[in-house]
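# the following block contains a protein sequence and its predicted model.
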Amino acid sequence: MVGVTDRSGLPDGRVGLVYSVHVPAAGLAVVTLTGRLEAVAAADLRLRLEQSDVSGCPVVVIDLGAVDFIDSAGLAVLVRQRRTCRESGGDVVLVRPASDPAMRVFRLTQFDQVFRMLPSQRDA
């Protein structure tokens with residue numbers, strides 16, 4: 001699906017994560033995330049990434065520029081997607097979170113060294 005936006009809710013009814021998926025070319029999916037990538041949202045996002053429009057793309061760009069929080073469940077989804085893409089000869093490329101707290105998680109886990117990370121437009 002091109003241009004589909006979904007919302008993952010928190011238990012108290014607030015929106016925790018908004019994500020959109022675009023497939024601009026064959027073999028490439030761009031997933032843009034906004035909000036908090038935590039346990040509840042991570043489970044929903046994992047299911048969304050398993051849908052055919054994304055799972056059929058060997059290269060997935062995940063834009064974390066507007067993610068202000070990420071936890072271990074969120075990191076696990078990114079690692080799983082990376083493994084899936086690499087099995088088909090592709091990769092996952094991340095757009096760096098502009099939020100210092102979110103980026104700190106990548107630095108502490110050294111995932112900023114594991115993933116190829118592009119600067120966020122918000123960094124400019």
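Done, it's in.

# bridged to the residue nearest in space to the middle of the chain, which residues?
Nearest to the mean C-alpha position of the chain, by C-alpha atoms, centre = their mean, lies residue 62 at 4.2 Å. In this entry, residue 62 is beta-bridged to residue 31, residue 94, by DSSP bridges.

# how about low-confidence regions in the protein?
Residue ranges of the chain with pLDDT under 70: 1-15, 122-124.

# check whether residue 31 really touches residue 17, as I assumed.
No. With contact defined as C-beta atoms under 8 Å, residue 31 does not count as touching residue 17 (11.0 Å). Any C-beta I mention is one placed from the backbone N, CA and C, and that applies to glycine too.

# and the closest residue to residue 70 other than its chain neighbours, its phi and psi?
With C-beta to C-beta, 6 or more residues apart in numbering as the measure, residue 37 is the residue that lies nearest to residue 70, at 4.5 Å, once sequence neighbours are left out. Torsion angles at residue 37 (phi, psi; degrees, to the nearest 10) stand at phi -100, psi 90.

# and for residue 37, the neighbour number?
Here the neighbour count serves as a burial measure; for residue 37 (other C-beta atoms under 10 Å) it reads 29.

# got a list of what it touches?
17, 45, 64, 67, 69, 70, 71, 73, 74, 77 (C-beta atoms under 8 Å, 6 or more residues apart in numbering).

# most neighbours among those, please name it.
With neighbours defined as other C-beta under 10 Å, the most crowded of these is residue 67; it has 29 neighbours.
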